[in-house]
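# test case, fold it:
(one chain, ligands or ions: 1)
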Amino acid sequence: NYYRKHNKILGNEVPKIPFLSAAWSVITGPHVDVLEVIPNEYYQSGIYKARLGPHDYYTIISADFARKLLTESEDVVPKYEFNSELPVLKFYGTGIVFSNGEQWRTHRKLSNPAFNRALSPNIIGDVVLDAFRYLRKEIHEPVNIYELLQRITIEVLGQLAFGYSFGTLKSKELPDIVRKYKTILNHVESYPLYVFPFLNKLPTKKNRIFNASVKDFDKFIFEIIDLKRIELAKRRKLNEKKKSNNEELLISMLEASEQENINIGTKDLRDNMINFFSAGNDTTSMSVSSSIYYLARFPEMQKRAREEVIRMIGNEVKIPTAEQLKEMKYVNAIIKESLRRYPAPMTYRQLQKPTQFGEYVLPEKSIIRVSNYAVHHDPKYWDEPYKFDPERWLTNEKKNCQHSYIPFSLGPRNCVGQNFSVMEQRIIIVMFLLKYEWSLPENSIHKDDLVLSSSFLFRPKNLEINIKERI
Ligand code: HEM
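Prediction:
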C-alpha cells in the first residue's frame with residue numbers, strides 16, 4: 001500500500017512483464033519480440049507495464065484503450081519527449097513528428113493543405129515505370145523486394161517533397177546522398193543508444209560518421225530549400241498561379257506560410273522535409289513488401305488480384321487513374337490486410353494528468369506506448385488474427401474490424417501522409433500485377449510466414465522474390 005500511494009497508483013495495478021522477459025526482448029530485438037510473444041497473455045487486461053531501458057513503459061494493447069488515448073487532445077497526451085541527445089532527435093529535429101504544443105500546431109497547419117489536395121497518380125506511376133526499366137537489368141536473379149521498394153519510395157518522396165530525383169533507379173550503386181541517408185537511419189535505430197544515452201556523447205567512429213552524414217544531408221536539404229525559395233519568388237514576380245495537383249510539399253508549405261502569415265524558418269522547413277521523408281519511406285516500403293510477399297505465397301490471390309486489375313484497366317502496362325484505384329476492391333483489401341499485419345509498430349505518448357483505462361488509473365507523466373500491432377491482432381476483434389486474409393475486408397463481419405484498425409493512428413496526431421501512402425501502394429501493386437508474375441524461391445526462409453528483421457520498424461529479413469515479365 002505504501003508503494004502504491006507513494007507511486008500515485010490508483011485503481012488496480014497494471015500487470016507487469018517480469019524483468020527478465022522484458023530484458024530478453026530488449027536484447028533479442030525490442031519490438032518484434034515484445035509484440036509477437038508477450039501480448040497474447042495480456043489481452044485480458046488490455047495494458048501491461050515493462051521496464052525497457054531506463055524507464056517504465058505502459059503498453060496499450062486494447063482497441064478501446066488505444067482509441068481513448070489517441071483521440072484525447074494533443075495537449076493532454078502529447079508525444080513523449082525523448083532525450084535530446086538521441087540520434088533520432090538530432091536527425092528529425094523539432095519537425096512535425098516529435099514536436100508538441102504550438103510548435104506542432106504550426107507544423108500541422110502548414111502541412112495539411114500540402115497533403116490534403118487530390119494527388120495525381122502520375123508522379124508515382126512514372127517512378128514505377130523507371131523501376132521496371134531498372135529491373136530489366138536485375139531480373140535474371142531473385143529480387144530483394146524491400147530494397148527495390150525503398151528505391152521506389154525514396155524516388156517518389158524526393159519528387160513529391162521537393163521535386164528532386166535521387167537517381168536510385170538508374171543503377172545498382174546507390175547515390176552518395178542516399179547512402180548517407182541510410183547510414184543515418186541505421187544509427188538512429190541502434191537500440192543500445194536509447195538504453196544508454198551517454199553512448200551518444202562518446203567520440204566513437206560510428207558517432208563521428210553519423211554526425212558527418214547528418215551535416216552532409218543538411219547541406220543537401222538547405223540547398224534545395226534555397227532553390228525553392230528563389231523559384232517561388234520568381235513565380236510571384238511573374239504572377240504565376242499554383243501548379244496543379246503536382247505541387248511539391250516544400251513549395252506548398254512555403255505558400256501556406258505566406259497565406260497564414262507565418263514566418264517559417266529554414267531550420268523548420270529542413271526538419272519537416274526530413275520528417276516527411278523518413279516517416280513515409282520505410283513504412284510504405286514495408287507495407288507493399290508484405291502485399292507482394294503474400295501474393296507470391298498465395299498464387300490464387302495473385303491471380304484474382306490481377307484479374308480484377310485487367311478487368312478495370314485492360315491488359316497493358318499503364319498508370320491507373322485515381323478513380324480506377326478506388327474501385328479495385330480486392331487489391332484494396334490486400335493493402336488493408338497488409339497494413340493490419342504490419343502497421344507502424346508503436347506510438348509513444350506521455351500523460352499530462354492521471355487517466356483511467358478501464359480498472360486502471362495511470363499517474364500523470366506515465367510514458368505510454370500504443371502497440372498498433374497488438375491492437376491489430378486482438379482475438380476479441382479478429383478471427384485467426386495471424387492469418388493473412390483479405391477476405392475479411394470484403395465480407396460483412398460480425399466483429400467490428402474498423403474499430404480495432406489503426407495503422408495510421410487516430411486523433412489529432414494521426415498520419416498526415418496516409419492518403420498519399422495508400423495511393424502509392426495501390427499504384428505500385430496494380431502496375432506490378434500488370435507487368436509481372438512472381439513467386440517465392442523454393443528455399444525461401446519466408447515459406448511459412450514473413451520473417452522480420454529485428455528493428456524499430458517492421459522490415460522483412462532479406463525477402464527475395466522470383467519475378468518474371470508477363471508483358
Ligand atoms: C504505410 C505507410 C505509413 C504508415 C503505416 C504510417 C503510420 C503512421 C503512424 C502510426 C503515425 C502516428 C505516429 C505517432 O503518433 O507517434 C504517423 C504519423 C505521421 N506520418 Fe505516417 N505512415 C505512413 C506513411 C506516411 C507517409 C507516406 C508520410 C509522408 C510522406 C507520412 C508522414 C507522417 C507524419 C508527418 C506524421 C506525424 C504527424 C503528426 O504528428 O502530426 N506517413 N504515421
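# the residue in the stretch 201-350 of the chain that the ligand sits nearest to: which element?
Per Cβ to the nearest ligand atom, the residue of the stretch 201-350 of the chain with the smallest distance to the ligand is Gly280, at 2.7 Å. Every C-beta, even on glycine, is put in place using the N, C-alpha and C of the backbone. Assigned by DSSP states H and E, Gly280 belongs to helix 266-297.
# buried sites along that helix?
Buried residues in helix 266-297, counted by 16 or more other Cβ atoms under 10 Å: 268-297.
# test my guess that Arg51 contacts Pro18.
No. If you go by Cβ atoms under 8 Å, Arg51 and Pro18 don't touch, sitting 10.1 Å apart.
# up against the ligand, what does this structure have?
96-97, 108, 275-276, 279-280, 283-284, 287, 343-344, 347, 407-409, 413, 415-417, 420-421 (Cβ under 6 Å from any ligand atom).
# any idea of the mean pLDDT for the helix holding Gly280?
For helix 266-297, mean pLDDT is 95.
# next: stretch 329-338.
pLDDT averaged over stretch 329-338 gives 97.
# now that stretch: how far from the chain's centre is it?
Relative to the centre of its chain, stretch 329-338 is centred 17 Å away, using Cα atoms, centre = their mean, to the nearest Å.
# give the buried residues for it.
Buried residues in stretch 329-338 (16+ other Cβ under 10 Å): 330-338.
# same check, this time on stretch 225-239
225, 228, 232.
# which one of those is nearest to His140?
Lys228 (40.6 Å; Cβ to Cβ).
# now do the helices in the stretch 51-200 of the chain.
Here the stretch 51-200 of the chain has its helices, by DSSP state H, counting those that start in this stretch, at 63-70, 87-92, 101-116, 122-138, 145-162, 176-188, 192-195.
# care to break this protein down by domain?
Per automatic domain parsing, the structural domains of the chain span 1-70+345-406, 71-344+407-469.
# mean pLDDT lowest where, among those domains?
Among those, domain 1-70+345-406 scores lowest, at a mean of 80.
# for the one residue in the chain that gets nearest to the ligand, which non-adjacent residue is spatially closest?
Closest approach between the chain and the ligand, counting by Cβ to the nearest ligand atom: Gly417, at 2.2 Å. Nearest in space to Gly417, with sequence neighbours left out and distances taken as Cβ to Cβ, 6 or more residues apart in numbering, is Gly280 at 5.0 Å.
# from Val127, how far out is that neighbour?
13 Å (Cβ to Cβ, to the nearest Å).
# try Ser439
25 Å.
# same question, Arg349
Taken as Cβ to Cβ, the span from Arg349 to Val127 is 35 Å.
# find the nearest non-adjacent residue to Asn149, please.
That one is not Asn; residue 149 is Leu. Ser285 (4.0 Å).
# Gln302 now?
Gln302 sits nearest to Leu295 (Cβ to Cβ, 6+ apart), 4.1 Å away.
# residues in contact with the one you found?
Neighbour list for Leu295: 301-302, 305, 334, 433, 438 [criterion: Cβ atoms under 8 Å, 6 or more residues apart in numbering].
# same check on Arg413?
Applying Cβ under 8 Å, 6+ apart, the residues contacting Arg413 are 70, 74, 79, 104, 347.
# distance of the closest residue to the second one other than its chain neighbours relative to His403?
Looking back up the chat, that one is Glu74. Computed as Cβ to Cβ, 6+ apart, the closest residue to Glu74 that is not its neighbour in sequence is Pro412, at 4.5 Å. Counting by Cβ to Cβ, the gap from Pro412 to His403 is 19 Å.
# the two: which is more packed in?
Pro412 (15 against 12; other Cβ atoms under 10 Å).
# shouldn't the more buried one be in contact with Val76?
No. In this structure, Pro412 is not within contact of Val76 by Cβ under 8 Å, at 10.3 Å.
# next SSE downstream of the helix holding Gly280?
By DSSP H and E, the next helix or strand past helix 266-297 is helix 299-313.
# CA atoms of that following helix as CSV?
What follows is helix 299-313, C-alpha atoms only, in CSV (Å, rounded to 0.1, in the frame of the first residue of the first chain):
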residue,chain,number,x,y,z
PRO,A,299,-0.7,-17.6,-56.2
GLU,A,300,-4.6,-17.8,-56.2
MET,A,301,-4.7,-14.4,-54.5
GLN,A,302,-2.2,-13.0,-57.1
LYS,A,303,-4.4,-14.4,-60.0
ARG,A,304,-7.6,-13.0,-58.5
ALA,A,305,-6.0,-9.5,-58.0
ARG,A,306,-4.6,-9.5,-61.5
GLU,A,307,-7.9,-10.4,-63.0
GLU,A,308,-9.5,-7.5,-61.1
VAL,A,309,-6.9,-5.1,-62.4
ILE,A,310,-7.2,-6.3,-66.0
ARG,A,311,-11.0,-6.1,-65.8
MET,A,312,-10.8,-2.5,-64.7
ILE,A,313,-8.0,-1.1,-66.9
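# mind listing what's buried along that helix?
Buried residues in helix 299-313 (16+ other Cβ under 10 Å): 301-302, 304-306, 308-309, 312-313.
# contacts for it, please.
Against helix 299-313 from outside (Cβ under 8 Å, 6+ apart): 294-296, 320, 324, 327-331, 334, 390, 429-430, 433-434, 437-439.
# again, 10 Å this time
Contact partners of helix 299-313, identified using Cβ atoms under 10 Å, 6 or more residues apart in numbering, comprise 291-292, 294-296, 298, 315-316, 319-321, 323-325, 327-334, 337, 388-391, 429-434, 436-440, 470.
# hmm, back to that, residue contacts, the residue nearest to Gly417?
153-154, 156-157, 160-161, 415-418, 420-421, 424.
# neighbour-wise, which of these leads?
Ranking these using other Cβ under 10 Å puts Glu424 first, with 29 neighbours.
# ok, that residue to Thr355 distance?
36 Å.
# now do Glu255
39 Å.
# and of the helices of the stretch 51-200 of the chain, who's closest to Asp448?
helix 145-162 (17.7 Å).
# distance from the closest one to the middle of the chain?
13 Å.
# likewise for stretch 442-462?
Distance of stretch 442-462 from its chain centroid, counting by Cα atoms, centre = their mean, is 17 Å.
# nearest residue to the middle of this protein?
Nearest residue to the geometric centre of the chain (Cα atoms, centre = their mean): Thr283, 3.0 Å.
# three-state assignment of the nearest residue to that one once chain neighbours are set aside?
Distances taken as Cβ to Cβ, 6+ apart put Ala344 closest to Thr283, at 5.5 Å, once the chain neighbours are dropped. Secondary structure state of Ala344, per DSSP: H, G, I helix; E, B strand; the rest coil, is coil.
# hmm, Tyr92 is touching Lys79, no?
No. Using Cβ atoms under 10 Å, Tyr92 makes no contact with Lys79, being 11.2 Å away.
# who's more crowded, those two?
Tyr92 (22 against 16).
# residue contacts, the spatially closest residue to Tyr134 that is not a sequence neighbour?
Closest residue to Tyr134 apart from its sequence neighbours, by Cβ to Cβ, 6+ apart: Leu169 at 4.2 Å. By Cβ under 10 Å, 6+ apart, Leu169 lies in contact with 127-135, 148, 151-152, 154-155.
# again, 7 Å this time
Leu169 is in contact with 130-131, 134, 151, 155, counting by Cβ atoms under 7 Å, 6 or more residues apart in numbering.
# and His376, by the same measure?
340, 343, 404-405.
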